[in-house]
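Novice: next one to model:
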Amino acid sequence: MEYSKNIKVIPVSIGWNDIGSYTALTEIFSPDEAGNRIRDTKTIIHDANNNIVICKDCTVSLLGVKNGENILISHKDSAQDIKKIANKYNELKNRGV
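Specialist: Purely as a prediction, here's the structure:
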C-alpha cells in the first residue's frame, strides 16, 4: 500500500481489546449477578462465583467453584490418569507457580 496513489482513510472509533489472558475476558463479557462470565454454553450454576466459562456445544456445571480455582475437566476414558495431573499440580505448587 505504501506506493499506492489511490488510498482513502476514514476515521472510525471501534473498541479494541488485545486478549492476552483469560482475565482480559472480564472486560469483554458481562457478569451475571454472581460475577460469572458465561459465553456460548449451557451452564448449570450453584454456589459459584467469579468464574469464566467458554464452551461451544457443551454443558458446563459449576458447583461451589469460586474464582475458577483448581478445576479439572477430563474425558471419562482418561479418569485413570487423574493421579498424573495431581502429581503435576503438586510439583507446580512446590515450585511456587
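
Novice: for burial, what's the neighbour tally of Ser13?
Specialist: Number of residues near Ser13 (other C-beta atoms under 10 Å) recorded here: 5. (Each C-beta comes from the backbone N, C-alpha and C, glycine too.)

Novice: can you give me the buried ones in stretch 50-67?
Specialist: Using 16 or more other C-beta atoms under 10 Å as the test for burial, stretch 50-67 gives Asn51, Ile52, Val53, Val60, Leu62, Val65.

Novice: the second one and Thr26 touch, don't they?
Specialist: In other words, Ile52. Yes - because the distance of 7.0 Å satisfies C-beta atoms under 8 Å, Ile52 is recorded as touching Thr26.

Novice: ok, so of the buried residues of stretch 50-67, who is nearest Lys5?
Specialist: Ile52 (47.6 Å; C-beta to C-beta).

Novice: nearest residue to the closest one in space, please, no chain neighbours.
Specialist: Nearest residue to Ile52, sequence neighbours excluded (C-beta to C-beta, 6 or more residues apart in numbering): Arg37, at 4.7 Å.

Novice: now the one you found: how far from Asn6?
Specialist: Per C-beta to C-beta, to the nearest Å, Arg37 is found 44 Å from Asn6.

Novice: between the two, which one's more packed in?
Specialist: Neighbour count, other C-beta under 10 Å: between Arg37 and Asn6, Arg37 has more, with 18 against 4.

Novice: same for the regular element (helix or strand) spanning Lys88, what does it pack against?
Specialist: Using DSSP states H and E, the element containing Lys88 is helix 82-94. If contacts are counted by 3 or more C-beta pairs under 8 Å, 6 or more residues apart in numbering; DSSP states H and E, helix 82-94 sits against no helix or strand.

Novice: alpha carbons only: can I get that helix in PDB?
Specialist: Taking Å, rounded to 0.1, in the frame of the first residue of the first chain, the C-alpha atoms of helix 82-94 are listed here in PDB:
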ATOM      1  CA  ILE A  82      -6.100 -38.100  37.200                       C
ATOM      2  CA  LYS A  83      -3.300 -39.000  39.600                       C
ATOM      3  CA  LYS A  84      -0.800 -37.800  36.900                       C
ATOM      4  CA  ILE A  85      -2.400 -34.400  36.900                       C
ATOM      5  CA  ALA A  86      -2.500 -34.300  40.700                       C
ATOM      6  CA  ASN A  87       1.300 -35.000  40.800                       C
ATOM      7  CA  LYS A  88       2.000 -32.300  38.200                       C
ATOM      8  CA  TYR A  89      -0.200 -29.900  40.200                       C
ATOM      9  CA  ASN A  90       1.800 -30.700  43.400                       C
ATOM     10  CA  GLU A  91       5.100 -30.100  41.500                       C
ATOM     11  CA  LEU A  92       3.900 -26.700  40.400                       C
ATOM     12  CA  LYS A  93       2.700 -25.800  43.800                       C
ATOM     13  CA  ASN A  94       6.000 -26.900  45.400                       C
END
